[in-house]
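> This is the structure alone, sequence omitted:
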């Protein structure tokens, strides 16, 4: 092995392995070497030996003063050699176990966050549809013709209710000739379990103009006027009582998620009813209460059968006597999503996303 020499920092020595001979020759160039300096020198020598990649660096390779330094300060040479050692199998297993636990925790957090975001997105979709319906209905009702002699139909058949009235609201017209400001407006749930709106622009006069209430006969001036919307000029668009299943090209889908519609009248005396007072029109009505049941678009994709949705949310008119409105009844139904899913014939995942909305629209009738 080549001789190793330490410069003039604190002296030098040489080691020869041939013949088992070892000698040290101090070379002084300044102050005497202290014990701490010798310890540092020993560490430097040990590091140099390790870096030269000796096959088996043992105590025989070191001069006596370094061997003596091994017992000083807790074996400097041993600590230096251990500095370059690797990880044990046990340490690697523990590290891998900790890493696996951290990855599992992060995956659970991501999954929970995704579920919350998906649920919120569905709720926002249903909220948007209900907001659109309420906004459109508010505009139509605010401009509704409330005269007692102007016809209007609010059906009271079982299931989804239907409403037809005249309003100064936008409507589709086949011709702009003699076009007036009123439109025939209607709301109904179609065969596809989505809310449809009818808007037909009317002329000032003619066959397809505003329909007024008429008496049953020339001499029946004191009798209750009869509605002419179903049997008159708008019989095709409105349909016949009590179902009012008319057909017209001006029915347009307003909200495909609204599958249940109910209304009731809030009278000025504080009572609720489905019928208006005879010959009064809307004079004794303070507001129209509209109730909706909505299923968001994503849930509608898995609810392929929609024929039983309306019947799964029934409403008994007798509840209005106790001032119990449809929203309260329906909410109690959907709170048990399993029972509601079985009644409606849809998956429970979709049934749990049904949302109920209700709002009153003041009429401000004179």
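That came in fine, so what should we check first? Keep in mind the model is a prediction, meaning the values are calculated, not measured.

> What's the mean pLDDT across stretch 255-271?
For stretch 255-271, the per-residue pLDDT values average out at 94.

> Distance across it, terminal residue to terminal residue?
Start-to-end span of stretch 255-271 (C-alpha to C-alpha, to the nearest Å) is 30 Å.

> Quick one: name whatever helix or strand follows the one helix or strand residue 110 maps to.
Here residue 110, judged by DSSP states H and E, is contained in helix 89-142. Downstream of helix 89-142, the next assigned helix or strand under DSSP H and E is strand 153-154.

> who does that next one pair up with?
As defined by DSSP bridges, the strand partners of strand 153-154 come to strand 163-167 (antiparallel).

> who's in contact with the helix or strand following the partner strand?
Downstream of strand 163-167, the next assigned helix or strand under DSSP H and E is strand 179-189. The set of residues external to strand 179-189 that reach it, using C-beta atoms under 8 Å, 6 or more residues apart in numbering, is 137, 140, 144-145, 160, 162-171, 173, 195-204, 209-210, 234, 237-238, 244, 251, 254, 258-261, 310. Glycine gets a C-beta too; all of them are placed from N, C-alpha and C.

> on that earlier part again, give me the mean pLDDT for the helix holding residue 110.
Average pLDDT, helix 89-142: 89.

> now that helix and strand 179-189, what's the angle there?
Counting by axes from the mean of the first three to the mean of the last three C-alpha atoms, to 10 degrees, helix 89-142 lies at 130 degrees to strand 179-189.

> Hmm, residue 143 is touching residue 167, no?
Yes. Residue 143 is within contact range of residue 167, at 4.8 Å (criterion: C-beta atoms under 8 Å).

> quick one, which of these two is more surrounded?
Legend: neighbour count by other C-beta atoms under 10 Å for residue 143 and residue 167, higher for residue 167 (21 against 17).

> List the beta-bridge partners for the more buried one.
Taking DSSP bridges, one obtains residue 144, residue 183 as the residues bridged to residue 167.

> From residue 343, how far out is it?
Relative to residue 343, residue 167 is positioned 36 Å away (C-beta to C-beta, to the nearest Å).

> Likewise for residue 314?
With distances taken as C-beta to C-beta, residue 314 is found 9 Å from residue 343.

> Does residue 339 lie in a helix or a strand, and which?
Secondary structure from DSSP H and E places residue 339 in helix 337-344.

> And for residue 292?
Assessed by DSSP H and E, residue 292 sits inside strand 285-294.

> Residue 263 too?
strand 258-267.

> For the following helix or strand past that strand, which helices and strands make contact with it?
Per DSSP H and E, the first helix or strand lying C-terminal to strand 258-267 is strand 272-273. The contact analysis (3 or more C-beta pairs under 8 Å, 6 or more residues apart in numbering; DSSP states H and E) places strand 272-273 against strand 258-267.

> before we move on, the earlier item: who's more crowded, residue 314 and residue 343?
Set residue 314 next to residue 343 and count neighbours by other C-beta under 10 Å: residue 343 wins out with 17 against 14.

> neighbours around the residue nearest to the more buried one when sequence neighbours are not counted, how many?
Spatial nearest neighbour of residue 343, excluding adjacent residues (C-beta to C-beta, 6 or more residues apart in numbering): residue 312 at 4.1 Å. A count of neighbours around residue 312, defined by other C-beta under 10 Å, yields 22.
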